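Asks: One predicted model, sequence on top.
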Amino acid sequence: MVDLLIASLDFIGFLGFTVAFVYSIKNFYNTRHISLTWLLLVVAMSFLMLFTFLNVLEWLDVYPSTMDEIQNSALVAAIVSIFSSVLITREEFLKPVSR
């Protein structure tokens, strides 16, 4: 019973990240030439969707032994890609040094 409750809460989180993903894609296409902020959110939401979906599968006992390896690598990939894309798109880091 508790596993089903936690899996349903994770699935609600998955649906929330899916809605945020679609919203971010729509805003990125509307403001593509202005800013890359929405692209960062698209990447973040895609990895978070993957992470919560893997949580749902783990709580429902669908391949629980392999989910730990996939889940950890997905979380590390999300953290690294989001952090590096934030650093790359910051304008202060791309400006040349003036003397």
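Replies: All right, it came through fine. Numbers count the residues shown, from 1 in each chain.
Asks: so residue 45 touches residue 27, yeah?
Replies: No: assessed by Cβ atoms under 8 Å, residue 45 is found out of contact with residue 27, at 11.6 Å. Placement of C-beta: from N, CA and C, glycine included.
Asks: Give me the distance between stretch 77-84 and the centre of its chain.
Replies: Centroid separation between stretch 77-84 and its chain, computed with Cα atoms, centre = their mean, to the nearest Å, is 9 Å.
Asks: contact partners of it?
Replies: 40, 43, 44, 47, 48, 50, 51 (Cβ atoms under 8 Å, 6 or more residues apart in numbering).
Asks: of residue 45 and residue 27, who's got more company?
Replies: residue 45 (21 against 16; other Cβ atoms under 10 Å).
Asks: re the thing from before, so which of the contacts of stretch 77-84 are in helices?
Replies: 40, 43, 44, 47, 48, 50, 51 (DSSP state H).
Asks: Out of the contacts of stretch 77-84, the closest to residue 6 would be?
Replies: Set against residue 6, the nearest of the contacts of stretch 77-84 by Cβ to Cβ is residue 51 (14.5 Å).
Asks: Could you check how many residues crowd around the closest one?
Replies: The tally of other residues near residue 51 (other Cβ under 10 Å) stands at 20.
Asks: I'd like to know how far it sits from residue 38.
Replies: 20 Å (Cβ to Cβ, to the nearest Å).
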